[in-house]
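>>> I'll drop the sequence and a predicted model, then ask my questions.
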Amino acid sequence: SESLLLTNREAQLQETRFLSCLIDLISISDELVDMIYNPRSLSILVCLQPEIALIELSLRLLWQMVKSSYNIMQLISGIKATVLQPGLVWQTGTLRLLAVLNAEFLSDSWEVDIASSQPLKFDFNSIMPDSIIQSDCHEWCRFPHSIEFLKLQIMNLLETIPELKSWIQGAKIDWGNSDQDLELSINWQSGFAQLSFDFEWIPNQ
């Protein structure tokens, strides 16, 4: 019986050690995942992945936005709404949140709509400042609110996500042609990139 008791105690001790190691492993894995997908600073992101394709970065930022909130996902997809713009009558149509990655270089610049990973359309119909919006299908717009109030709701939420906050504040970047040796490429340019937001308004015909 003493031998059996000792065996049980050894088994319990081994199980305790195993669980402790498992908890430590899970904790380390969680920290690594957090560093990779939710870096607290761009320096961590750069150290882990110094080169990233623009389309991959766009998809990454889009995923961070979409998973942050169903309300954000709705706005990126577009919501049916009624809008009153200064000097106009009430209109019904579709309101869509545009998340745009802007980059400025010494001799070049670009703007990318991260929802499509394509250059931003220059002919999109931007909604005017001080506009009033109301939508029965969106939690933040069930009652009439200014477009600035809606944007504030969006910013307050997205700035709680470390990676998005870093890009919203802006970052120094190097941009080059992926088809060439980036270290030797004469197209390698230093500049500044920032994530900004706007609204596209598509009125019903």
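Perfect, thanks for sending it.
>>> Just the mean pLDDT for the helix or strand that contains Ala193, thanks.
Take DSSP states H and E as the rule and Ala193 turns out to sit in strand 189-203. In this model, strand 189-203 carries a mean pLDDT of 90.
>>> can I get the CA coordinates of it in CSV?
Extracted in CSV, the C-alpha atoms of strand 189-203 (Å, rounded to 0.1, in the frame of the first residue of the first chain):
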residue,chain,number,x,y,z
GLN,A,189,12.9,55.1,-51.5
SER,A,190,12.5,56.3,-48.0
GLY,A,191,9.3,58.0,-47.0
PHE,A,192,6.4,58.2,-44.6
ALA,A,193,3.2,56.2,-44.6
GLN,A,194,0.0,56.7,-42.6
LEU,A,195,-3.4,55.1,-42.3
SER,A,196,-6.3,57.5,-42.7
PHE,A,197,-10.1,57.2,-43.0
ASP,A,198,-12.7,58.8,-45.2
PHE,A,199,-16.3,58.0,-46.2
GLU,A,200,-17.6,57.2,-49.7
TRP,A,201,-21.2,58.2,-50.4
ILE,A,202,-23.1,56.4,-53.2
PRO,A,203,-26.6,57.9,-53.5
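>>> in it, what's buried?
Neighbour counts over strand 189-203 (16 or more other C-beta atoms under 10 Å) mark 189, 191, 193, 195, 199-201 as buried. Heads up, the C-betas are built off the backbone N, CA and C, glycines and all.
>>> out of the residues you listed, who's nearest Val83?
Trp201 (6.2 Å; C-beta to C-beta).
>>> That closest one and Arg96, how far apart?
8 Å (C-beta to C-beta, to the nearest Å).
>>> Equivalent analysis for Leu120, please.
Distance of Leu120 to Arg96, given as C-beta to C-beta: 13 Å.
>>> which of these two has more neighbours?
Arg96 (20 against 17; other C-beta atoms under 10 Å).
>>> Help me confirm that that one comes into contact with Phe197.
No: assessed by C-beta atoms under 8 Å, Arg96 is found out of contact with Phe197, at 11.1 Å.
>>> Who are the contact partners of Leu98?
The contact partners of Leu98, by C-beta atoms under 8 Å, 6 or more residues apart in numbering, come to 113, 115, 120, 124, 197-200.
>>> next one: Gly170
Counting by C-beta under 8 Å, 6+ apart, Gly170 touches 192-194.
>>> Closest to Gln134 out of the contacts of Leu98?
Taking C-beta to C-beta as the measure, Gln134 sits nearest to Phe199 out of those, at 14.0 Å.
>>> Sounds good, over and out.
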